[in-house]
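Visitor: no sequence for this one, just the structure:
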């Protein structure tokens, strides 16, 4: 009922907009590698990435301390990870309830993660 009330076209448009914002903000981080189509209309609201030489689980742990929940690991796609030549990825998901401010918190958390492991 909730999604019907919002209208699925509106839900999808928000997903595209928030994903586009996330792709733009994440791309500003030096060392970020994102996987998937760069056009947010050609993907869902999921962004898989690696960040420098940081392990995805380390990223997830530090982000958790910043109040940001992501997934980390191979996401049941081991053959894809082998093809990409990575042990895993960090994955942030966005949907109708996410805001640009929450994307900014993710980026700030990633900056804090990078700074933490620079020590």
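Guide: Perfect, I can see it now. Please read all numbers here as calculations on a predicted model, not as lab measurements.

Visitor: Model confidence for the most centrally placed residue in the chain, exactly?
Guide: Nearest to the mean C-alpha position of the chain, counting by Cα atoms, centre = their mean, stands residue 92 at 2.8 Å. For residue 92, the pLDDT comes out at 98.

Visitor: The host helix or strand of it pairs with which strands?
Guide: Under the criterion of DSSP states H and E, residue 92 resides in strand 89-93. With DSSP bridges as the test, strand 89-93 is paired with strand 46-51 (antiparallel), strand 71-73 (antiparallel).

Visitor: what angle sits between the helix or strand following the first one and strand 46-51?
Guide: Looking back up the chat, that one is strand 46-51. Remark: after strand 46-51, the chain's next helix or strand is helix 56-65, criterion DSSP H and E. Calculated by axes from the mean of the first three to the mean of the last three Cα atoms, to 10 degrees, helix 56-65 forms an angle of 110 degrees with strand 46-51.

Visitor: Contact partners for residue 86?
Guide: residue 50 (Cβ atoms under 8 Å, 6 or more residues apart in numbering). Every C-beta, even on glycine, is put in place using the N, C-alpha and C of the backbone.
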